[in-house]
Structures are given as structure tokens and as C-alpha cells.
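Novice: could you look at this predicted model? Sequence included:
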Amino acid sequence: MTTRHQKTRAGSETPPDRRTARLLRGLRRDPEQLIILVAAATVAVLGATDTVNDVKTLLAATLATLAILGFSLFKQAMRQEDNDRRVVELARSVDLVEKGVGEVGHALTFRPSVGELTTLASRQKAFEAAMTTADMWQFRGGTGTFTRAWTLPQLAARARESSTGTHWRIQLQILDPQNTTRCREYAEYRAKLSRRPENKGSAMWTTEFVQTSCLATIFAAEWHQQHEFLTVEIRLRSEFSTLRHDISPDSVIITNEDSQFPALHIRRQGGASALYHAYRADFDLSFSSLKPELKVKSDVRVPADKGQVTEDDVFRVLRDVGIAEQSLDRLPLASIRELALNPTNPYH
């Protein structure tokens, strides 16, 4: 009587005809195996029956069998290598698909690389976003009002919070306060803008105010770099433009003296990378073309407490960096100190 265990063993065994069929399929796929079997059997029979007495002949037959065996093993290795290569190529294809999906998702969620800023609030927001990654700043414009009111204090705060102790770099191109003709032309242009109804209550633009404002920017830069990890380089321009350029490591923000015109925001990331670098290169070229008329850092020390800074401190610092004494004698030093140390953000 057949037990259940015996039935299970019997059921698990492969029938002889099925094993034979599997063997024949393997030999059809790899005919070298059949040649090896035949050659090995032949050599074995010849050696066992002493049919061949010549040792050299028997050895040659054995070596031939081994050669066929080696070729078969090499072919199997090549087939395995081909499979491995296919696996690697498949993995690369999967990576490319994942990368493509990621790029599509990034394109759907990433902000446009170039855009307009139509309101003062949107401009301020763009400046704040640019400042979050800034360790340098470049400015080219008129008197640098926004620079001394916001950019310099913000970079000073970031340098103060940094643990590296490295000096962050700021490059400024502003109107030469000693060029009375250009300061007057700039004042006349700004005065025309201020007469518009939407600009009522803005500053009274005169030649003296333009010169005072430029000197305030210079003194503010000197005061900040004396007490913070900042290095400020200033170049003086003999002409003015209606456009102002602010450049950070990842943005170019171009504003107009007329606040009714939208600002242009160019981000380094994305499709505007070449445009960003073009504006950056243009700034570098114009900056290097201006001779450094001012000393980078004054040797005159001033108090870190703004309330203790005197008009005499202002005079001595500005004269030390290269401003002509006759220009300082006829300008209000108290106004320069106030505009430098207690500025008003024009975007607020």
C-alpha cells in the first residue's frame, strides 16, 4: 500500500521522458556540450580498453576535449557578460526616464527665469529673495539710495551672522558727487519725475541734494566695512543712466528711476543663465574701466555707535578716501551723516 509520503515523492520526481527532453533542448542550445560528451566518452573508452597504445595520441585527444570544454565555458561567460551588460543598460534607461520625469516636474513648478516686477512690493520681495543666498553684491546706478538704506545693512547682517569670518564683497558704481554738471543734470531729471501726481511727497531734487546723497552712500559704505566683515569698492561715474542694476550671485534686478516702469528680474537658474552672465560681464567691464579714484578703506576710525558719529568724523573719512576738501566745505555734513546712518528705504 502506497503511503501519502511516497505519493508526494513520486509526484515530485521528474519523469524520465521529461528529463530527456530537457537534456535534448540544452544540447540543441549549446551543441558544444554534445561534442564534449562524445569526446570525453571516446577518450574514456579508448583509455579503458587500451585501444590506443600511443600515449601522445591519447593525450592529444584529452587536450582537444579540454579545449572544447574551455571554449564552452568561455561562451557561457560571454553570454553572462552580455546579460550583465543588458542589465546595466536597462538601469541606465530607467535613470534617464526618472531624470526626464524630474525635469518635466521641475519645469512645471519652477518660476520663470525672466519676469517683470510691476509693484514696489514685488520689487522688495525680489530683492529679499536675492539676498538669501548673497555673499556678494554689485550695484550700478545714480546716488545709491536703496543700496545704503537696504543692501548694505542686509549684507552686513548676513556677514555678522556668518561663522566663516570672511569678508563679503560689494562693488558700487555711483554718480561722482564732485562732477557738478552731471549732478545737476541728474537732479533736473529726477525733479521732473517728482512733479508727477503719483510722486508727490518725494525728495526735493537739487544739485546739492544729489551730491549729498552720493557722499552719504560713500560714507555709509566706509562705516559698514569698518565694523562688519565687508569689503566695499566704489567707482565714480561721470554720466548717469535712468536704469539701476543690482546683481547678486543668482539674480539681476534692473529698476528704473521712474517707478511707473516695471522692473526686470533675471534669474541665473533656468533658461536665463546666459542672459544673467551677459549682464554680469557688462558690469565687470564697466567697473574695471573706471579708475579707482577712492581709497577702498579709510584709515580714519569712527565710532561703531551711530549716535556717536560726528560731522567731523564724516569730513575726515570722506577726505581720507579721496573726496576733494573744497567739495566737502560747501555741503551739509549733518545731512550726509543723517542720510548715511539713518536712511529711508524708497520701496517702503
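Specialist: Received it, and whenever you're ready, just let me know what you need.
Novice: mind checking how far G144 is from R235?
Specialist: 12 Å (C-beta to C-beta, to the nearest Å). Using the backbone N, CA and C atoms, a C-beta is placed for each residue, glycine as well.
Novice: what of S259?
Specialist: Distance from S259 to R235, by C-beta to C-beta: 26 Å.
Novice: tell me the buried residues in stretch 224-231?
Specialist: Across stretch 224-231, burial judged by 16 or more other C-beta atoms under 10 Å covers 224-226, 228-231.
Novice: span of it from start to end?
Specialist: From its first residue to its last, stretch 224-231 covers 9 Å (C-alpha to C-alpha, to the nearest Å).
Novice: pLDDT on that stretch, on average?
Specialist: For stretch 224-231, mean pLDDT rounds to 92.
Novice: over to stretch 309-325?
Specialist: For stretch 309-325, the per-residue pLDDT averages 96.
Novice: pLDDT below threshold where in the stretch 1-150 of the chain?
Specialist: For the stretch 1-150 of the chain, residues meeting the criterion pLDDT under 70 lie at 1-112.
Novice: one more time with 50
Specialist: 1-12, 52, 55, 97, 101, 103-110 (pLDDT under 50).
Novice: what ranges does this structure have for its strands?
Specialist: 114-117, 136-140, 168-175, 230-237, 243-247, 251-256, 263-267 (DSSP state E).
Novice: nearest to E338, out of the ones you listed?
Specialist: Among the strands of the chain, the nearest to E338 by C-beta to C-beta is strand 168-175 (18.2 Å).
Novice: quickly note the distance from H265 to K291.
Specialist: 32 Å.
Novice: the closest residue to Q154 other than its chain neighbours: neighbour count?
Specialist: Spatial nearest neighbour of Q154, excluding adjacent residues (C-beta to C-beta, 6 or more residues apart in numbering): M131 at 5.2 Å. Around M131 there are 18 other residues, counting by other C-beta atoms under 10 Å.
Novice: M131 contacts D246, correct?
Specialist: No. If you go by C-beta atoms under 8 Å, M131 and D246 don't touch, sitting 10.0 Å apart.
Novice: which residues do those two both contact?
Specialist: Common contacts of M131 and D246 (C-beta atoms under 8 Å, 6 or more residues apart in numbering): T151.
Novice: hang on, the earlier thing: what sits in contact with each of G144 and R235?
Specialist: Joint contacts of G144 and R235 (C-beta under 8 Å, 6+ apart) are L172.
Novice: and the closest residue to S273 other than its chain neighbours, how close does it get to R268?
Specialist: Nearest non-adjacent residue to S273, counting by C-beta to C-beta, 6+ apart: S113, 7.8 Å away. With distances taken as C-beta to C-beta, S113 is found 8 Å from R268.
Novice: what's the answer for Q178, then?
Specialist: On the measure of C-beta to C-beta, Q178 and R268 end up 35 Å apart.
Novice: residues touching P262, list them.
Specialist: Contacts of P262 (C-beta under 8 Å, 6+ apart): 116-118.
Novice: may I see those organised as JSON lines, with distance to D135 added?
Specialist: Shown next, in JSON lines, are the contacts of P262 (distance: C-beta to C-beta, whole Å):
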{"residue": "E116", "distance to D135": "27"}
{"residue": "L117", "distance to D135": "23"}
{"residue": "T118", "distance to D135": "29"}
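Novice: now list the buried members of those residues.
Specialist: Neighbour-count burial (16+ other C-beta under 10 Å) applied to these gives L117.
Novice: just give me the closest of the contacts of P262 to A272.
Specialist: For the contacts of P262, the residue nearest A272 by C-beta to C-beta is E116; the value is 13.2 Å.
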